[in-house]
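Chemist: fold the stuff below for me.
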Amino acid sequence: MTGSATSTDAGVGPPTPSQSGNLHLQVPQSPARRRSSRKGGIALRCEKLCVNRGEKRILHEVSVCFAESEFVAIMGASGAGKTTFLNSLMGRPGVGASWNGSLVFDSVNMTACSQLERDELRARMGYVTQDDIMLRVLTPREALRYRLLSVGADYENVDEEVASMLLRMGLEKCADTKVGDEASSIGGAGGLSGGERKRLNVALSLCSDPDLLLLDEPTSGLDSRKAKTLVEDLRQLTNDDGAGVKGVTVISTIHQPSAEVFRMFKKVFLLAGHGEAVFFGTVQQLIAKFKELGCPVPADTNPADHVMDVLETLPEVVRKMKKSYDEGVAVTNSLSGPAGAIGVAPAAIGMVDVASTSAASHSAGVAKRGPVVPMFKVLLHRSFTCMKREPFLTKIRLAQTVFIGLMVGFLFFQLEKNVVGVRNRSAVAFLLCLTQLLFSALGMLNVFIGERPVFLREALDRLYTPWQFWLSKVLLDIPLQSFYAGLTVCIVYYLIGLNQDSFDNFLVAVLVIMLQANVGSSFGFIVSAKAGSIDKALAITPVVVLPQVLLSGFMIDVESMPLFPFGALSYVTPFRYAWQALVFNEFNCKEPDASCRTSAWLEMGHPGVHPAPKTCSDSPCPFCCDSRELVGTVGICPVTTCDGALQSLGLTSGDIWPVGDTVSENSSFSVFVLLGITVFLRLLSFVVLLREYRKIERAGSIRTMATSSPEIDKAERLAGEQTDVEQVAQAGVFLPEVIPPEKKQ
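Modeler: Next comes the predicted model:
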């Protein structure tokens, strides 16, 4: 049967795949890295695959079969459904999509196999996204090393495997250059070139040792030379190693390849408008087919360009190709029968169970997760490496801390202990809280927005759990934020001359600013995890920060706020407790001596009393009024004690809660409430991260970038989806519509 099917004109219908032989990626690696249980080469086929988005049909009854070790180019006009077809091969057709038909991989029907079979099958697949999702501060050597360790490579052999992979993908010359990006100078001169980034993206997918590699326009954005080099590398992956190990099956969408690149592909699969399959065969067979239909490829013309011209401008030729292809499918089915290359048992043909397969999809392209502790160590080490090299967390943040600290310190240099000084000390506490909140939040936004798609891709690939990723970030972020907060206080505290009655006052100030910095970092983590893009995150951040500033009690007294909602919200505002804790700590003074309680210091300037001093440096009271201030108070100084200073600021024990009778107790209360809020926000950041991950995981996922197009936008409107397409695109995933069981008839 196989021979009969294969004898059919390859330019007319799909060939029958060989069901024998073992398929294994030809990548030099240690024996410990090879999977212990082989299932043979993947023979991929689909029958009558239809994909709809709302009322629009993207793919129409596509039937095709790909044999093991084939190198296939998927081509078609714009909107023909190339990427949708590629996504469907991974079991996820796209945003808001419903689909039916049959997908069979290596004789395993994806609609009827067990969960374990799906996991094992998908662990043999790899997907290379059109957009390069990787950490920009790492080098190719480091990125490959971390990826290999995350899929279970031995520490003893990982360096040898990395060297082999670098050599295999032609990355040895840039092995120690940071990835960088087009808009940054990270890595020097913008980091890796476009071709090097593409090859690294492929290499990262190969680390999981796939048998089937799917690529979405890998040559996009590359010049002809780099595109040729990359396609040559991909073609080499399909070759046997000469020792009985089959090459990997490579299927790639491609857009406007050069003639030389086009001829490198062993097979070409064409999709016409409305997602209809019209040809599958070799390049030579395609050229012969065009000649047979009366539209031969002109001399000195790129066959790929001629293909696109025919598909877009000659509908009659396309109809003939479609008819010929359908006849080839019918012949193949009649020859092979229910168990053959294209035919499947009638019971297996039907609506694909998206809901039942969504849990398995996240394992696509990877083997099982590594052990928890070693995997966490890998994540922790990678996070530390990224943190050291991320300018928003190191150089820029350090410069911000020193500059703002010195500016505030010299602006409020050695404050007087007079009435004006009381208000200025309150302003210093406010500025310290505000700068730490903003710097920590914005620093986390700039960093995590870039890491978010990497996290979602790797977590959905089951390299690690969201809990492991979150914990590795938090364990490094807490000491980092605390360091900058402590440095700020060290610069400011003694320059300004804040409360020095006891060293404990300094330590409390350090603790409060550390907690406030961690509050800001937590807000930044939450916003960036939820927003998905830097533009949205920057738009949301002021909405999070400004209400805290207004409800802190600095701008307007808490007692003057309407109880609902502002007064009630102020009780759960971390900024309020941070500012209150600093103010209470600043005015937590020793009891004044007896000389301060004499009327001489309370009524200076009255007739017969000592003249008021120009400064309060000689006053035995914690605070006093100078001559200028006494003029406005008719000779009566309203502030001579710390309690009086707090009353002038509108802060009494009843303003927070009647928890204590002393300033020290109120200060401690504010610190403990702030500590509780900080812990809560850290845990909330994990909950938000987990919810975003679970939302994508439950809806269904595939590792490809959702390119912005009118087709997808219209599909979103038609499907009525609530999913944020841009957020999903940042994650490198597509979300299909889950088909209710009652509709799967």
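Chemist: CA atoms of stretch 584-594 as PDB?
Modeler: Below are the C-alpha coordinates for stretch 584-594, written out as PDB (Å, rounded to 0.1, in the frame of the first residue of the first chain):
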ATOM      1  CA  PHE A 584       6.600  58.900  64.100                       C
ATOM      2  CA  ASN A 585      10.200  57.700  64.100                       C
ATOM      3  CA  GLU A 586      11.500  61.200  63.400                       C
ATOM      4  CA  PHE A 587       9.500  62.800  66.200                       C
ATOM      5  CA  ASN A 588      10.000  60.000  68.700                       C
ATOM      6  CA  CYS A 589      12.000  62.200  71.100                       C
ATOM      7  CA  LYS A 590      13.300  61.900  74.600                       C
ATOM      8  CA  GLU A 591      11.300  63.700  77.300                       C
ATOM      9  CA  PRO A 592      12.400  67.400  77.500                       C
ATOM     10  CA  ASP A 593      14.200  68.500  80.600                       C
ATOM     11  CA  ALA A 594      12.600  70.900  83.200                       C
END
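Chemist: residue numbering should commence at 40 henceforth.
Modeler: In the new numbering, first residue 40, that becomes stretch 623-633.
Chemist: for the stretch 240-389 of the chain, give me the ranges with low pLDDT.
Modeler: 280-284, 369-389 (pLDDT under 70).
Chemist: could you pull out the strands in it for me?
Modeler: Ranges of strands in the stretch 240-389 of the chain, per DSSP state E, counting those that start in this stretch, are 251-255, 288-292, 306-311, 315-320, 389-390.
Chemist: helices and strands around the fourth one, which ones?
Modeler: Counting by 3 or more C-beta pairs under 8 Å, 6 or more residues apart in numbering; DSSP states H and E, the packing neighbours recorded for strand 315-320 are strand 95-105, strand 306-311, helix 322-331, helix 354-375. Every residue, glycine included, has its C-beta placed from N, CA and C.
Chemist: quick check: buried residues in the third one?
Modeler: Of the residues in helix 322-331, those buried by neighbour count under the rule 16 or more other C-beta atoms under 10 Å are 322, 324-329.
Chemist: His294: how many residues sit nearby?
Modeler: Using other C-beta atoms under 10 Å, His294 has 14 neighbouring residues.
Chemist: is it true that it touches Gly260?
Modeler: No: the criterion here is C-beta atoms under 8 Å, and His294 misses it with Gly260 at 10.3 Å.
Chemist: how close does Cys663 get to Asp632?
Modeler: 14 Å (C-beta to C-beta, to the nearest Å).
Chemist: so which of these two has more stuff around it?
Modeler: More neighbours surround Cys663 than the other of Cys663 and Asp632, with 27 against 9 (other C-beta under 10 Å).
Chemist: which SSE is the residue most central in space within the chain in?
Modeler: Centroid-nearest residue in the chain, with C-alpha atoms, centre = their mean: Arg491, separated by 1.5 Å. Using DSSP states H and E, Arg491 falls within helix 458-499.
Chemist: doesn't Leu728 make contact with Trp506?
Modeler: No: counting by C-beta under 8 Å, Trp506 does not reach Leu728; the two are 9.2 Å apart.
Chemist: and the two? Which one has more around it.
Modeler: Comparing Trp506 with Leu728 by other C-beta under 10 Å, the one with more neighbours is Leu728, at 25 against 14.
Chemist: so what's that one closest to, chain neighbours aside?
Modeler: Distance criterion C-beta to C-beta, 6 or more residues apart in numbering; nearest residue to Leu728, sequence neighbours excluded, is Ala568 at 4.7 Å.
Chemist: my read: the one you found touches Phe725, true?
Modeler: No: using C-beta under 8 Å as the test, Ala568 is too far from Phe725 to be in contact (9.3 Å).
Chemist: more neighbours: which of these two?
Modeler: Ala568 (27 against 20).
Chemist: can you tell me the SS state at that one?
Modeler: helix (DSSP: H, G, I helix; E, B strand; the rest coil).
Chemist: lowest-scoring secondary structure element of this structure by mean pLDDT?
Modeler: Taking mean pLDDT, DSSP states H and E as the measure, the chain has strand 389-390 as its least confident helix or strand, at a mean of 32.
Chemist: before we move on, back to that, tell me which of the helices and strands packed on strand 315-320 sits most buried.
Modeler: strand 306-311 (a mean of 24; mean count of other C-beta atoms under 10 Å).
Chemist: give me the helices and strands touching it, please.
Modeler: strand 95-105, strand 110-115, strand 315-320, helix 322-331, helix 342-352, helix 354-375.
Chemist: distance from whichever helix or strand comes after the second one to the middle of the chain?
Modeler: Looking back up the chat, that one is strand 110-115. Next in sequence after strand 110-115, counting helices and strands by DSSP H and E, comes helix 121-128. Averaging C-alpha positions (C-alpha atoms, centre = their mean, to the nearest Å) puts helix 121-128 23 Å from its chain's average.
Chemist: packing partners of helix 121-128?
Modeler: Using 3+ C-beta pairs under 8 Å, 6+ apart: helix 121-128 touches strand 83-92, strand 95-105, strand 110-115, strand 136-144, strand 251-255, strand 288-292.
Chemist: Serialize those strands to a markdown table and add fields for distance to Leu353.
Modeler: Below are the helices and strands packed on helix 121-128 laid out as a markdown table (distance: least, C-beta to C-beta, whole Å):
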| stretch | distance to Leu353 |
| --- | --- |
| strand 83-92 | 25 |
| strand 95-105 | 19 |
| strand 110-115 | 14 |
| strand 136-144 | 28 |
| strand 251-255 | 27 |
| strand 288-292 | 22 |
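Chemist: among those strands, which is nearest Leu537?
Modeler: strand 251-255 (58.2 Å; C-beta to C-beta).
Chemist: restricting to C-alpha, output that closest one in PDB.
Modeler: Presented in PDB, the C-alpha positions along strand 251-255 are these (Å, rounded to 0.1, in the frame of the first residue of the first chain):
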ATOM      1  CA  LEU A 251       9.800  17.300  14.700                       C
ATOM      2  CA  LEU A 252      10.800  21.000  14.400                       C
ATOM      3  CA  LEU A 253       8.200  23.600  13.300                       C
ATOM      4  CA  LEU A 254       9.400  27.100  12.300                       C
ATOM      5  CA  ASP A 255       7.300  30.200  11.600                       C
END
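Chemist: measure Val712 to Ser687 for me?
Modeler: Val712 is 23 Å from Ser687, by C-beta to C-beta.
Chemist: these two: who's more crowded?
Modeler: Applying other C-beta under 10 Å to Val712 and Ser687 shows that Val712 carries more neighbours, namely 21 against 16.
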